[in-house]
Structures are given as structure tokens and as C-alpha cells.
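Q: only the shape, not the letters, is given here:
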């Protein structure tokens, strides 16, 4: 696994995308095909079945390090990564030399072992590896291979090494392939159609139109005017569900979410579309919780997202539909290169022929002039959508986030001034820094927790808050510190609804720190009642 | 009877003698363990320190400080209390302070390490009843490799850069770490060029008899081509500022114990992290605690809660005291991490499930 360790060292040593792509390209040009396939699998979220629980790993790690369990926990909270913590606690005594593929097999073989054998073998690996190799082994055994390389960067590197187009590679890497049953040249280099039925297309993502937070929407009309003639554009609602791709091919129905996850079983409502849609149809749209002709709050949708299987009651309470807005494959042909206007005509035809209530066409909004777009956006919060989508009528369907033809224009976030109350150390790049904060609002002279937020501060501010937390800790609860209420932050969020699951009685969506209000003292922070008043 | 040493708002205090150790506020009489700025501060009337520390303090704080000196092992008595200094191995001149009164012995460690760095007098365990120990790296995840292994890594990096026409810029604390790096690297690879802050410290240390390899200060006149195969040693705060423009193209690195953690390495936004610390690692801390023979341990300066809890669990009478020596995680190194506002990574955003 030496070559892979070198690759990950190189990836770790740089923040430059180009340098990462180069390191990957060098690796894909040099390494063994069998191992390359596993690197692709791991970096795209495919990993061997987890053979051991984290409780077992913790126990063995403490035994190996000769330390009590609480000390392992304390160390873990400083390191911020389980695999890395274990790496720092073990010492190389009897070196083991295996390839990446052999190590993956080593981990997979553990599944068939009894507990004692598992323990023996895991400990042998811990004493047999060091440095990055040990870290990689621990990442394989604990699952979750997040190491700062997106699939997109990996595909760029692969493309550079193989001269195969990025888009083509992105498509080949999607879907349900398994590193055990395919090989590098089959997956990456060969044209193939056999098991392509389930394979989705990469999603095309819109670029945000951004304005300074808090500006009146109307002030941005000049910005959208820069897009030219409104007649060249199509406006739609920006629906507040989850992005999905629905595929009907050769008698099968497949539903993919944008996280590249096959979610067909989670949404049995779509099953009738297997018959209702013609063979060779791929639709792009929003999976929405929908009742009585209107979307349900996103909090309802969340109940469906989290569930692997759905019961009758949930199906009745929170039914979903597909709000279709694009068609990528029509009558078995990839039509992504057709202009959107033409695709829209095909989409309207397909949806109308299917004539099924779970499949709805996302309406086109009138757009005689740019002011109208501004008005649509103003109205968005009332109609329970996130904002406006703006697509160029001549646009082809691209891969990933591209600037120019597809724009999203969200409604301004809501925001409220809250007091920092608790803090916890972060993970990864933020390990050992207090970056995960909890915020409270006033109620009867007390601060009631209403949201947690991790992002929104600059690195410099992050360090300052970290120092503040360390100097102003009032109480410690394991990794969490209660801090003296002194700092006020403006917290922005997208949605808000009543909730029985939250102590405050209110749930907010995507909370993040909008700014540090140095100008406000804690008495100036908002009350819980102020927050509740924001709920429509 | 009050305990021999206690923790006052000014610092570690010996009431019987009216003396503070490394006070963080101005006092009448202060004993100083070493010249780092979180231990040697301005504002006190009289100081007592190792001669090297005296010279460093004059250079760093002011020529007019009133500093008496003690050589290691030499005893100074104040109101019946015997004070002596014993090598701590942290940086040149760094000493532990032994305090004895009526047969009771306390030792305040200051900062220390047990590895030999070739420039500081090596750490010497001192028998005592109560040991006040730092624990900057007081967690079992911190365990250093032999310095020779780390210097091999540094040399390999420098050699590769030099071969590719890249200047090698390494961030190291200007007092102690910088000189340790100079002393440890393979000087046949290229010239050693240093930042003004490092040059100042080099000058003082050489006057105190510390032998350093040939070095050259970087000035406005240093020709560009001079940097090509050079090792530049600088405080981290200078990296990425206009000061490093002349060195481009360069590879950047940092030498610090914190580089053991991946999160720190990545946050530092440098090309390389070398795990080289002037503090004791976990095994060395435990060894030091054991070798003092002390029954009572007071942990300061670092992971004090965890370290003292562990010591209690193995039978010591151990407590934690908060001090103002850096932040709890050792701000000396943390301050050396360059501002990563120039980071190209956008701040993490929550991953919305929309779209």
C-alpha cells in the first residue's frame, strides 16, 4: 500500500486543486490496475462492509495503547478523527507489507472471523503498519473515506491520466458498480452497455445569484438585467425538496438522489411510473412531500429522507411526487445536448402521456421583464418554495456546477441575533479548535438553545472564538464546554417551523453564522418570541 | 502553614521568600525558567535567571532589566529559602527551578523536553516532594520519533526542493526551534538563510557560546538566486507575506509537535509538517514525573485536566492549575501557524439536501 500512502500524503500536503489533480494523475498513470480500482471505489464512497463495531475498535485500541478508555475518548476529541487517533496510539513492531487490494481483502475476511480472531488480526495490522499506511488501513476498517478529495477532483485526475473525457468518466463511475465484479479497464476504459440500465446522468447544478445578505431584493434587478433579454430565459420555482433522477429502462425503475444514492425503495409511490413511462426515459426533478396540491414543509419531507423503508401511515401522512423539470433521455436517446426548449417540449409530452398524479410538471413562470422575476422571488416565501430558478432556453444539460446558463436565486435568509452558549471541538481541519457552537435566545431571563452552527466565520474569527471559549469556560461536559454568555452572533437560516423535538419549540433549517455582532451586548440579543414571530 | 509554592494572580508564588516564578504580571522578585515570551515578561523589579536567559531577556525585553544570574546547581538563598536552577533541555538557558525550605522540596519545571537537541543542556530529573510540570503534549497520542528520523525527512524535502530549483522555507520559533533546525540539518545541501528575528537570537546565542553552523541573515539586498537551493528559517507569520515573494518558487513547511495531528497540518496550509517539538511527549512526561520521585504533581500549561486525571488514576496525588503560559494548548506554536485567511479552501458549508 506504499504507493497509495504516498498518494494520500501528497493529497494531504496541498490545498491546491491542481496539485491534487496532478498527484492523482501520477498515481493513475503508475499504479497497479487492481489497486487503482479500489482507490476509485474508496474515493467515490464505496467501501467494504464494516466487519467490526467502533466499540470493539475502541476497546482494542485502548488495550494496545495501554490506556484507560476515558483517556482514549479524551484523545479522540483532540484528534477529531477515530482512524487517526488509533494511528497515533499504536507502534510499529512487526511490519506487514501488502497491497491496497490485499488490505481490503484482509478487512473483508474479518467478517467471517469470530471475535477473538478479529481482535488478533486487527491488532496485528496496527502493529504492522505506521504513518499514512496505518491511517489508510484504519479508514478502510472504519468506513467513511473523507480525506479532502471530492469525486470531481478524482475524476479530473483520472481523466488526465487516461485522456478519457471527464463527463464520460463521471457517468461511468455513477450507478451500482462493485469493485469485486468489475475491473479497471472494464469500468474506466471500455465502452459498455450491459449493466447500464440503472446508471444515472451526472446532475447539472445551478450557480447562485448572490447579493449582500439583507439587501432588498429589488436592489438586485440591475444584476439580473446583465443576463440580457428575458425572452431568452425560462423562470421556474426553486422547489424545496430533494433533487432526484427517475430512470425507466428495460422494464426497471430507478430513482437516484443527488448524493448519488439509489433511493428507489424509499419512494414506492413512483413504482407505477415503470409502466406509465416509455422505455428509455430519464427525468430530472424534485422529490417533494406534497398534499392537496401544495408542498408540505421540508421538516415533513425529512421524515421520508431518513427512512429506509416506509410504513403505511408515513406514506399516507407524507406522500411524495416528482416535480419534473427536465428530461435527459427520451426514447432511449441521450438528449442532454439538445437545447432546453426542445427538451422541455419532450418533457411536457412525456408527463402528459404518463398522466399519473405522482408525476407533475414544474410550471414555467411568466417573465416579460426582469422586474417580474424580482416579484416572483418576493412571493417565493409565501408559496413555500426556496426561490427562483433561471435557465437559458438554449442551454444544454451540463455536468456539475457550471456558471452561465443555469442560475438559482434564493429568497433572502431569515436571521436573528443569538448568544453563544456552548461549544465543542470540530473535526478534520478544525480538530482541536472549538468551532461547533450552540446559540441561545432569551426567554424569561434565560438563554434557551435554538440552533447549532458550525460555519460562517473566517479562519481568523474562528481562532478568536476558540480562544474565547478556552478562556471563558464555565463548565465542561465531556467534549462540550459551557461558556460565559458574552458573544452575540447573527444566525441566518433558510426555513423555520414549530417543532416538538426541539427544546425551544422551533426548528430552523441550515442555520449558519452570518456575522459576529461585536456591536451588540447579550442584552441586545433576540428573544425566543421574536423567533416564533417569524413563523408564518 | 501555607504551602511552599502557591498559584497567585501573578504567577507561581513562594510566600516565604516573596519570589514569583515566571510571573505573568509585574512583581518585586521573579525567577525566570527560560526566555520565551510567555515565561519571561517585562514589568518586574528584580529578576533571577540563567546567564544565557539573562542575555536573551536583555535582547528581547530591554537592556535595563535588573537580572541576577545563577549557574545550574548554584544555590541562592532568600529568607531561608534555597533556590537553584537545573537544566530543562527546552531551549538554550532553560532551567527548572528547585525550591527548598526546611527540608521540603518543590520543583517547577518550566517547559522541558528529554530529547537532546545539541544546543541546550539536557534535561536533568530533580528529586522533589512536589513537581509542578508542564504538559503541553500531555496526551498519549503525542509520541515523538527520534530527532534523527525527523531530520532525515527535513533533509529529504530540502534536497528534493533544491534539485527542483525550489527554495525551502521552514517555519520555526525564532528562539530555540530555529537554532535546533540549523544544527540538525545536512548543511551540504545548501546555504542557511534566516529571518531577522532568527538572526537576532542567533547573535545572542553565539555570544553565549552556543555553536551554530554558518548562517546568513536575509536583507533587502540578498540576491534572488541565492534562495534557490537555500533553507530559509523564519517565524511562520512571515510566510505568505511580501517578505517571501523573493523566495518564489518555494515549498513551505513547519517544524512543531503540533504537526503530529493531521488537522493542524492541514490548517497550517503549508506544504509539509515535520513533527519536531521542544516539549516532552507523553512517555517523556511520565518518565519525568516518575524520576522526580514526587508524591504530589501539579499539572500546568497544556492538557492539564486529562494529564492530572491520568496521574491520579495511577496513584499520584495530582491536580491541575491554570496559568497564563500561552493558551492551554501552547499558543507559542499556535501563534507560529500562519494566518490561513489566505486558504484556498472555502469555509465548510452545511451540505443542503436541496438540488
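A: The structure has been received and is ready for your questions. Everything numeric in this text was worked out from a predicted model, so none of it was measured. Residues are numbered from 1 along each chain as shown, chains lettered A, B, ... in the order given.

Q: OK, now which residue of chain B is nearest to chain A?
A: residue B:263 (3.1 Å; Cβ to the nearest Cβ). Where you see a C-beta, it was placed from the backbone N, CA and C, and this is true even at glycine.

Q: quick one: residue A:488 from residue B:56, how far?
A: For residue A:488, the distance to residue B:56 (Cβ to Cβ, to the nearest Å) stands at 42 Å.

Q: pLDDT weak spots in the chain?
A: In the absence of a named chain, this looks at chain A. Along chain A, the parts satisfying pLDDT under 70 run over A:175, A:191-196, A:210-222, A:259-261, A:308, A:428-431, A:478, A:536.

Q: oops, I was thinking of chain B
A: Using pLDDT under 70, the flagged stretches of chain B are B:1, B:326-355.

Q: who's more crowded, residue A:488 and residue B:56?
A: residue B:56 (27 against 23; other Cβ atoms under 10 Å in any protein chain shown).

Q: pull the contacting residues for that one.
A: B:35, B:40, B:92, B:93, B:175, B:201, B:204, B:205, B:208 (Cβ atoms under 8 Å, 6 or more residues apart in numbering or on different chains).

Q: got it, and residue B:183?
A: B:117, B:118, B:119, B:212, B:213.

Q: most neighbours of all the residues you listed, which one?
A: Sorting those by how many neighbours each has (other Cβ under 10 Å) puts residue B:117 first, at 21 neighbours.

Q: please name the nearest non-neighbouring residue to that one.
A: residue B:180 (4.6 Å; Cβ to Cβ, 6 or more residues apart in numbering or on different chains).

Q: give me the neighbour count for the one you found.
A: 25.

Q: can you get me a residue count around residue A:470?
A: By the measure other Cβ under 10 Å, the count of residues near residue A:470 is 18.

Q: same question, residue A:337
A: 9.

Q: these two touch, right, it and residue A:396?
A: Yes. Residue A:337 is in contact with residue A:396 according to Cβ atoms under 8 Å; the separation is 5.1 Å.

Q: what's stretch B:158-168 in contact with?
A: So stretch B:158-168 is contacted by B:157, B:185-186, B:189-190, B:227-232, B:247-251, B:253 (Cβ under 8 Å, 6+ apart).

Q: among those residues, which ones are in strands?
A: B:231, B:232, B:250, B:251, B:253 (DSSP state E).

Q: buried subset of the residues you listed as a ChimeraX selection?
A: Those of the ones in strands among the contacts of stretch B:158-168 that count as buried under 16 or more other Cβ atoms under 10 Å in any protein chain shown are selected in ChimeraX with:
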select /B:231,232,250,251,253
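
Q: make CSV out of the contacts of residue B:183 and add secondary structure.
A: Below are the contacts of residue B:183 laid out as CSV (DSSP: H, G, I helix; E, B strand; the rest coil):
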residue, secondary structure
B:117, coil
B:118, coil
B:119, coil
B:212, coil
B:213, coil
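
Q: nearest to residue B:85 among those residues?
A: residue B:119 (17.3 Å; Cβ to Cβ).

Q: need the contact list for that closest one.
A: Per Cβ under 8 Å, 6+ apart, neighbours of residue B:119: B:91, B:92, B:176, B:179, B:180, B:183, B:205, B:210, B:212.

Q: secondary structure element for the residue lying closest to the third one once chain neighbours are set aside?
A: This means residue B:176. Counting by Cβ to Cβ, 6+ apart, the nearest residue to residue B:176 once its immediate chain neighbours are dropped is residue B:91, at 3.2 Å. Assigned by DSSP states H and E, residue B:91 belongs to neither a helix nor a strand.

Q: for residue B:91, phi and psi?
A: phi -150, psi 170 (degrees, to the nearest 10).

Q: swap in residue A:524?
A: With angles defined as degrees, to the nearest 10, residue A:524 sits at phi -80, psi -10.

Q: my read is that it contacts residue A:417, right?
A: Yes. Counting by Cβ under 8 Å, residue A:524 touches residue A:417, with 6.7 Å between them.

Q: list residues touching both of those two?
A: Residues touching both residue A:524 and residue A:417 (Cβ under 8 Å, 6+ apart) are A:488, A:517.

Q: which one of these two has more residues nearby?
A: residue A:417 (19 against 11).

Q: show me what the strand or helix carrying that one is packed against.
A: Residue A:417 belongs to strand A:414-425 when elements are defined using DSSP H and E. Using 3 or more Cβ pairs under 8 Å, 6 or more residues apart in numbering or on different chains; DSSP states H and E, the elements in contact with strand A:414-425 are strand A:434-443, strand A:446-453, helix A:459-471, strand A:480-483, strand A:488-493.

Q: quick check: buried residues in the second one?
A: By 16+ other Cβ under 10 Å, the buried positions in strand A:446-453 come out as A:447, A:448, A:450, A:451, A:453.

Q: hmm, back to that, name the nearest of the contacts of residue B:183 relative to residue A:25.
A: residue B:213 (39.4 Å).

Q: name the residue of the stretch 151-300 of chain A that lies nearest to chain B.
A: For the stretch 151-300 of chain A, Cβ to the nearest Cβ, closest residue to chain B: residue A:243, 4.4 Å.

Q: past the helix or strand encompassing residue B:202, which element shows up next along the chain?
A: Element membership of residue B:202, judged by DSSP H and E, is helix B:196-207. Next helix or strand after helix B:196-207 toward the C-terminus (DSSP H and E): strand B:216-217.

Q: parallel or antiparallel, list what pairs with that following strand.
A: In the sheet, strand B:216-217 lines up against strand B:192-194 (parallel) (DSSP bridges).

Q: contacts for the partner strand, please.
A: B:178, B:182, B:185, B:202, B:213-218, B:222, B:226-227, B:230-234.

Q: neighbours of residue 107, just the number please.
A: In the absence of a named chain, this looks at chain A. Counted with other Cβ under 10 Å, residue A:107 comes out at 23.

Q: my bad, chain B
A: Neighbour tally, residue B:107, other Cβ under 10 Å: 25.

Q: that one contacts residue B:124, doesn't it?
A: No. The pair residue B:107 / residue B:124 is not scored as a contact, 10.5 Å apart, by Cβ under 8 Å.

Q: okay, and the common contacts of the two?
A: With contacts taken as Cβ under 8 Å, 6+ apart, residue B:107 and residue B:124 have B:86, B:96 as neighbours in common.

Q: does residue 27 lie in a helix or a strand, and which?
A: All of this is about chain A. If you go by DSSP H and E, residue A:27 is part of helix A:17-30.

Q: for that helix, buried residues please.
A: Applying 16+ other Cβ under 10 Å to helix A:17-30 flags A:20, A:21, A:22, A:23, A:24, A:25, A:26, A:27, A:28 as buried.

Q: gap between the next helix or strand after it and the chain center?
A: As assigned by DSSP H and E, the chain's next helix or strand after helix A:17-30 is helix A:33-43. Put simply, helix A:33-43 sits 22 Å off its chain's centre (Cα atoms, centre = their mean, to the nearest Å).

Q: repeat for stretch B:167-186
A: Mean-position distance between stretch B:167-186 and its chain equals 13 Å (Cα atoms, centre = their mean).

Q: equivalent analysis for stretch B:264-272, please.
A: That offset, for stretch B:264-272, works out to 20 Å (Cα atoms, centre = their mean).

Q: what distance separates the start and the end of it?
A: Using Cα to Cα, to the nearest Å, one end of stretch B:264-272 lies 11 Å from the other.

Q: helix, strand, or coil at the closest residue to residue A:513 other than its chain neighbours?
A: Spatial nearest neighbour of residue A:513, chain neighbours left out: residue A:456 (3.2 Å); criterion: Cβ to Cβ, 6+ apart. Following three-state DSSP, the label given to residue A:456 is coil.

Q: and residue A:456, how many residues sit next to it?
A: Neighbours of residue A:456 under the rule other Cβ under 10 Å: 22.

Q: in contact with it, which residues?
A: Here residue A:456 is in contact with A:492, A:512, A:513, A:514, A:515, B:347 (Cβ under 8 Å, 6+ apart).
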